[in-house]
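quick one, what's the 3D model for this:
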Amino acid sequence: MNLEMFHGLADTTGPYASVTIDVTKTDPANADHIESRWRDIERRLRQEGAPDSVLDSLHDAALEPTGKGGERGRLLVATTDGVVASQDLPRRPEQDATWGPIPSLVPAVRALAGSLPHVLVRLDRTGADIEVRGGLAGLEHETHEVQGDHDELHQVQTGGMAQRRFQARVEDSWEHNAAAVADELDRVVRTHRPTTVILMGDEHAMSFLERHASDELRALLVRSATGGRAAGTSEEAVRDTTATVLARARAEAEAEVVERFNEQTGRAQAASDGLGPVVEVLQRAQVEQLLLVEGRVHDEELWVGEGRLQLGLTREDAQLAGAAEPQRAPADAALVWAAVCSRAGVTLLDPGQVSPADGVGALLRWSDESTPRSRIPSMPGHRGQ
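Okay, here's the model as predicted:
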């Protein structure tokens, strides 16, 4: 998972109040439920020492309407300077509220991990409706309409050479219109970098579009017989098809990461596993992709400072990394924050998909003879040393 939407936080200074809140609102009566959730969060933050000025800045941001139906969540991060990050989430998150030296981003990452950036294209012979879903910088939804300017669209039975010439003109119109859609999709892919482009609708139009797609676009295309631009198209079928395609894309992406990790650890090359070695390569900004097995390090703690990549297994380790006054933090939060600060990605894995020591692994951007890679088990008592 690309964490680019959080990169701006690396330029801020804590301490941080971090909030993930369920803002699902299925009917007007649920507004009281959201306010009740906020009161619970406010109480918790105040107990942890968050100042009133920070709580005041979070209040309005937490209760601001999403303007959308269905399950929704929101991540908010604030410092004494005010709210420094606000990210709407595509599903209900695990509710969380912390005040400490680093932001707590793990619940938001979990909520976002299930929603890959993708493009849905409803295609017919005149053009297409294009929906960008997910994407960079928190973009949740963007819609484009492409209408081709070639309008000889229907074949007729006239017989002889005249019919063949007219049929050729009709198919030429279809192809030109599909080429216009392909041009727009090329722009969308360059701008938003989706993981998948799902085509739905007319078979001829999809074939013509594939013919005119760039290599980059063609590699992302997935065709579906479901949906299209016609009235009466089943939205439930569109949702089911989209969910199936995205689940397959997620599984394939995770399998590729696991395969790379197993290959590199087997060769003792560009990978590290185990909490200690991964902390060390994060300190050195070597990590390309952080792997976290869900639940494995949730109850562990690391020591962190207020600066970037100031983390360690012990207080002394964090001080050697530059922390003046290290504090304890949940290990998963500290690891994800280090990934954000070093521009690394994060892959959350279910238990059983891969078994790095301590449930923590890393694929590396680079390595040298001093890079820690071995499966070093956690030392008992490392939390308080």
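
in the stretch 251-385 of the chain, which spans are strands?
Assignment of strands within the stretch 251-385 of the chain using DSSP state E, counting those that start in this stretch yields the ranges 271-273, 287-293, 301-304, 311-312, 327-330, 345-349, 360-364.

okay, now the sheet partners of the fifth one, with direction.
Same thing as strand 327-330. When sheet partners are counted by DSSP bridges, strand 327-330 sits next to strand 301-304 (antiparallel).

what of the last one?
Next to strand 360-364 in the sheet, as set by DSSP bridges, lie strand 271-273 (antiparallel), strand 287-293 (antiparallel).

mind pulling up the pLDDT for Gln167?
The predicted local distance difference test score for Gln167 is 59.

part of a helix, is Ser18?
No. Assigned with DSSP: H, G, I helix; E, B strand; the rest coil, Ser18 falls outside any helix and is strand.

how close does the residue nearest to Ala323 when sequence neighbours are not counted get to Asp56?
Nearest in space to Ala323, with sequence neighbours left out and distances taken as CB to CB, 6 or more residues apart in numbering, is Gly305 at 2.5 Å. For every residue, glycine as well, the C-beta is placed using N, CA and C. Gly305 sits 27 Å away from Asp56, going by CB to CB, to the nearest Å.

quick one: the strands in the stretch 51-200 of the chain?
Using DSSP E, counting those that start in this stretch, the strands assigned to the stretch 51-200 of the chain run over residues 73-79, 82-89, 96-100, 118-123, 127-133, 141-147, 196-201.

any chance of those in a markdown table, plus mean pLDDT, distance to Val109 and mean neighbour count?
Compiled in a markdown table, the strands of the stretch 51-200 of the chain are given as follows (pLDDT from 0 to 100; distance: least, CB to CB, whole Å; neighbours: other CB atoms under 10 Å):
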| stretch | mean pLDDT | distance to Val109 | mean neighbour count |
| --- | --- | --- | --- |
| strand 73-79 | 95 | 9 | 24 |
| strand 82-89 | 92 | 10 | 18 |
| strand 96-100 | 94 | 11 | 21 |
| strand 118-123 | 91 | 18 | 24 |
| strand 127-133 | 88 | 18 | 21 |
| strand 141-147 | 76 | 20 | 13 |
| strand 196-201 | 92 | 20 | 24 |
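
just send these back as TSV, with distance to Ala271 too.
Rendered in TSV, the data for the strands of the stretch 51-200 of the chain read as follows (distance: least, CB to CB, whole Å):
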stretch	distance to Ala271
strand 73-79	30
strand 82-89	30
strand 96-100	30
strand 118-123	28
strand 127-133	32
strand 141-147	36
strand 196-201	27
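
go through those and name the closest to His298.
Distances from His298 to each of the strands of the stretch 51-200 of the chain were compared using CB to CB; the minimum, 11.9 Å, belongs to strand 96-100.

where does this protein have low pLDDT?
Low-confidence segments of the chain, defined by pLDDT under 70, are located at 26-32, 68-70, 135-141, 148-171, 227-233, 266-268, 373-385.

in it, which spans are helices?
Listed in chain order, the helices of the chain (DSSP state H) span residues 31-47, 52-63, 106-113, 160-192, 203-212, 215-218, 235-266, 275-283, 315-320, 331-341.
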